[in-house]
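K.L.:
how does the following fold in three dimensions:
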Amino acid sequence: MHIGMVLSCLMLLPLLLVPSFGCTKERTVRIPVRLSMCGADPQQTSMVQAAGLRRLDRPLWKKKFDEDHLMSIDQLCPVIDDDAVYLVGRNGSLYAYLRTDGSLRWQFWDDDDRITTPPVVVDNTVYFGTIIGAVYAMDRATGKRIWRFQPKESWFKLLKAVIKPSIVYHNGTIYFGNERGQVFALDAESRSVLWKSRTGGAITSPLAANNDAVYVGSADGHLYAFEAGGGREKWRIAIKGQLRSAPVIADRRLLFRDADGTLTALDAETGGLEWSFPPAAPGTASPAVADGTAYIGDDSGNLIAIDAASGAEKWKFRTGGGIPKTPIVAGSTVSVGSRDGRFYLVHAMNGEMLWMVETGEAVDTAFSVADDLVVLFDSTGGISALGGER
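P.N.:
Coordinates of the predicted model:
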């Protein structure tokens, strides 16, 4: 290699060594300071970076929305950041409400390009996917569009490219799947497609991602692992039914629940089975994972803590109704809603109840926890913000 080429390569920052002549700039990756999304993080652990509540006894505000404001019960997932609560309406709009009093901060709506995923908030940008396969980046403070990306496809193909059920942001890359079974990796700064792969059916589960891989369920009855760097398929396994809830990355394991509610742990690198935990009753919501423990709910009202390394049960807490949604862990507190009309705070170490709130009706929807705030929906389209003590 010519000495001048060597010197010019060494001057590039950051450096990337390649086993060929010439030199290549390494892709600059921006690590976010603030990241808010359904599932709490790109690994879908539902572990919130907060101290955890011990009491939940301060009603902060409550709003009643008309039917156009809210998605169907199955799709509801509020996202909370430092300033606002974000939710997607049944009409495909995105609403940002102030955390302090629930007043409307801004609304985004495009009747020709309706929103189909919960938002992801990364520092000062809000990302989401749409019904015709587009990804938007919006200013967090104003709701103004920063950019819009859409794959270069025919209009006919785009009509079948609905982005569902989620998008994920990890270290400068936006990952998303669509109803055509495609999985994309998109550079969040340049909007360039880093790679594109395909499954055998529509994407049915939220994606989970880390530095090594992207995991996703497909309507073809398989769970897939793709290399995060290049999109090559690492492995796929057949599962019982279609995966609707998110797979969860827990260290070197991948956890998911199949159609009958069994919690399964795979070796995340190879897809090999490590253990399975069949619950006493059905339930398919994703587990929450924190500090080596997985937490799941079932249709009989049990909140179960399971050792993520061995699959052994640690403890069980019983509510008076089914637990349809994923628990959320913050510090040493597990928050969970039940169809018995109550919302519970449970100690993560021993399963003892710390606090209970009467909601007046079944907690059938996803909820969100952030710092000293909990946001709950009700079946009539209302939303409540509750505060408490840590």
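K.L.:
buried sites along stretch 301-321?
P.N.:
For stretch 301-321, burial by neighbour count (16 or more other C-beta atoms under 10 Å) applies to 301-306, 308-309, 311, 314-315, 317, 319, 321. (Each C-beta comes from the backbone N, C-alpha and C, glycine too.)
K.L.:
any stretches of this protein with poor pLDDT?
P.N.:
Across the chain, the stretches falling below the confidence threshold (pLDDT under 70) are 1-30, 66-76, 154-156, 379-381.
K.L.:
again, only using 80
P.N.:
1-33, 64-76, 90, 153-160, 378-382 (pLDDT under 80).
K.L.:
quick check: bridge partners of residue 135?
P.N.:
The partner list for residue 135 in beta bridges (DSSP bridges) reads residue 129, residue 149.
K.L.:
tell me who's in contact with it.
P.N.:
Residues counted as contacts of residue 135 (C-beta atoms under 8 Å, 6 or more residues apart in numbering) are 127, 128, 129, 148, 149, 150, 163, 167, 174, 176, 186.
K.L.:
run a quick neighbour tally on the second one.
P.N.:
Number of residues near residue 128 (other C-beta atoms under 10 Å) recorded here: 25.
K.L.:
now the buried residues of stretch 301-321 in JSON lines, with distance to residue 265 and secondary structure?
P.N.:
Below are the buried residues of stretch 301-321 laid out as JSON lines (distance: C-beta to C-beta, whole Å; DSSP: H, G, I helix; E, B strand; the rest coil):
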{"residue": "301", "distance to residue 265": "24", "secondary structure": "coil"}
{"residue": "302", "distance to residue 265": "19", "secondary structure": "strand"}
{"residue": "303", "distance to residue 265": "19", "secondary structure": "strand"}
{"residue": "304", "distance to residue 265": "14", "secondary structure": "strand"}
{"residue": "305", "distance to residue 265": "14", "secondary structure": "strand"}
{"residue": "306", "distance to residue 265": "9", "secondary structure": "strand"}
{"residue": "308", "distance to residue 265": "7", "secondary structure": "coil"}
{"residue": "309", "distance to residue 265": "9", "secondary structure": "coil"}
{"residue": "311", "distance to residue 265": "6", "secondary structure": "coil"}
{"residue": "314", "distance to residue 265": "15", "secondary structure": "strand"}
{"residue": "315", "distance to residue 265": "18", "secondary structure": "strand"}
{"residue": "317", "distance to residue 265": "21", "secondary structure": "strand"}
{"residue": "319", "distance to residue 265": "25", "secondary structure": "coil"}
{"residue": "321", "distance to residue 265": "27", "secondary structure": "coil"}
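K.L.:
which of the residues you listed lies closest to residue 253?
P.N.:
Among those, residue 308 lies closest to residue 253 (C-beta to C-beta), at 6.5 Å.
K.L.:
quick check: residue 157 is in a helix.
P.N.:
Yes - with DSSP: H, G, I helix; E, B strand; the rest coil as the criterion, residue 157 is assigned to a helix.
K.L.:
ok, of the contacts of residue 135, which one's closest to residue 105?
P.N.:
Out of the contacts of residue 135, the one with the shortest distance to residue 105 is residue 128. That distance is 15.8 Å, counting by C-beta to C-beta.
K.L.:
from residue 49, how far off is the closest one?
P.N.:
Shown here: residue 128 relative to residue 49, a distance of 22 Å by C-beta to C-beta, to the nearest Å.
K.L.:
ok, residue 326 next?
P.N.:
In this structure, residue 326 lies at 17 Å from residue 49, with C-beta to C-beta as the measure.
K.L.:
what about the two, which has more around it?
P.N.:
Taking other C-beta under 10 Å, residue 326 and residue 49 do not tie; residue 326 has more neighbours (28 against 11).
K.L.:
go ahead and confirm the more buried one touches residue 368.
P.N.:
No - at 11.0 Å, residue 326 does not count as touching residue 368 under the criterion of C-beta atoms under 8 Å.
K.L.:
how does the chain divide up, domain by domain?
P.N.:
Structural domains annotated on the chain: 1-30, 31-389, as defined by automatic domain parsing.
K.L.:
single out the most deeply packed of those domains.
P.N.:
Greatest average neighbour count among the domains of the chain goes to domain 31-389 (a mean of 19), per mean count of other C-beta atoms under 10 Å.
K.L.:
can you get me the start-to-end distance on that domain?
P.N.:
Terminal residues of domain 31-389 are spaced 31 Å apart (C-alpha to C-alpha, to the nearest Å).
K.L.:
ok, now which ones touch residue 345?
P.N.:
When the contact criterion is C-beta under 8 Å, 6+ apart, the partners of residue 345 are 53, 54, 55, 56, 333, 334, 335, 353, 354, 355, 356.
K.L.:
if we use 10 Å, what do you get?
P.N.:
Counting by C-beta atoms under 10 Å, 6 or more residues apart in numbering, residue 345 touches 52-56, 330, 333-336, 353-357, 369, 374, 388.
K.L.:
report the longest strand in the chain, please.
P.N.:
For the chain, the strand with the greatest residue count under DSSP state E is strand 55-64.
K.L.:
so of the contacts of residue 345, which ones are in helices?
P.N.:
When the contacts of residue 345 are checked against helices using DSSP state H, none is located there.
K.L.:
does residue 178 have beta-bridge partners, and which?
P.N.:
Following DSSP bridges, residue 178 is listed with bridge partners residue 163.
K.L.:
so what's it up against?
P.N.:
With C-beta under 10 Å, 6+ apart, residue 178 has these contacts: 116, 129, 132-133, 151, 157-158, 160-164, 184, 202-203.
K.L.:
again with residue 296
P.N.:
For residue 296, the contact set (C-beta under 10 Å, 6+ apart) comprises 255, 257, 261, 263, 277, 279, 283-289, 302-306, 323, 326-327, 336.
K.L.:
tell me the phi and psi of it?
P.N.:
Residue 296 adopts backbone torsions of phi -130, psi 150, taken as degrees, to the nearest 10.
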